[in-house]
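Novice: Sharing a sequence plus its predicted fold:
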Amino acid sequence: MCFAKKLDLNNRGQSLIEFAITLPILLILIFAMMGIGFYIYDMSVFTFASNKALDTGIGRVVSAAITPTDIDNIKNDALNYTNAAIFVSKPKIEVNNNVNSSTGESRLTVSIESDYNFKISFVNEIFGSNPKVSSKNSYIYIK
C-alpha cells in the first residue's frame, strides 16, 4: 500500500505534460477542419448563387432576347446571393450568352469566382498559395 502512494507522487505531472504536447496538435486539427468546412460552405453558397442567377437569366432568355440590362440584373442577383459567403473577397461574376448559328443552340452561362481567405495563415496553406472559390453553371436552349 505504501508503494502505491509513492508511485502516484512520482507521476503527478504526467497528464499535464501529455496535455501540453497534444494541445497544439489538437488545435491545428480543429482549425484545419473549420477552414475546410467554411471553404465547402462558401463553395455551396457560390453554387447556389450561380444557380439562382441562371434561373433569373432563363426567365429573361426564354421570353425574349437577352439585353445588357438583363445581364446586369443577372449579375446583381448573383451578387445578392453571394453575400452569404463568409471568407471570400468581392466575387467576379461573368454572364455569357453564346449562340451557335449553325445548330440554333444557345448557351447561357453564369460563372462566379473569388479568392478564399480564412484569416489563419497555416490553414490557407492547406489549400495552396492562392485558393479560389468558384462556380459555373450553364443552360442550353434552342430557339
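Specialist: Arrived safely, thanks for sending.
Novice: can you map out the strands along the chain?
Specialist: Secondary structure of the chain, counting by DSSP state E: strands at 92-100, 105-115, 132-142.
Novice: Would you mind giving these as JSON lines with mean pLDDT added?
Specialist: Converted to JSON lines, these look like this (pLDDT from 0 to 100):
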{"stretch": "strand 92-100", "mean pLDDT": "90"}
{"stretch": "strand 105-115", "mean pLDDT": "91"}
{"stretch": "strand 132-142", "mean pLDDT": "89"}
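Novice: So for residue 15, which of those sits nearest?
Specialist: Shortest distance between residue 15 and the strands of the chain, using Cβ to Cβ, is found for strand 132-142: 41.9 Å. Where you see a C-beta, it was placed from the backbone N, CA and C, and this is true even at glycine.
Novice: Just want the angle from that closest one to strand 105-115.
Specialist: Interaxial angle, strand 132-142 versus strand 105-115 (axes from the mean of the first three to the mean of the last three Cα atoms, to 10 degrees): 170 degrees.
Novice: tilt between strand 132-142 and strand 92-100?
Specialist: Interaxial angle, strand 132-142 versus strand 92-100 (the same axes, to 10 degrees): 20 degrees.
Novice: Quick check: which of the strands of the chain is nearest to residue 61?
Specialist: With respect to residue 61, and counting by Cβ to Cβ, the nearest of these is strand 105-115 at 5.5 Å.
Novice: Who does the closest one pair with, and is each partner parallel or antiparallel?
Specialist: Taking DSSP bridges as the criterion, strand 105-115 forms sheet pairs with strand 92-100 (antiparallel), strand 132-142 (antiparallel).
Novice: buried residues in the last one?
Specialist: Across strand 132-142, burial judged by 16 or more other Cβ atoms under 10 Å covers 133, 135, 137, 139.
Novice: do stretch 65-77 as well
Specialist: 66, 70, 71, 73, 74, 75, 77.
Novice: now stretch 120-128
Specialist: Within stretch 120-128, the residues scored as buried using 16+ other Cβ under 10 Å are 123, 124, 127.
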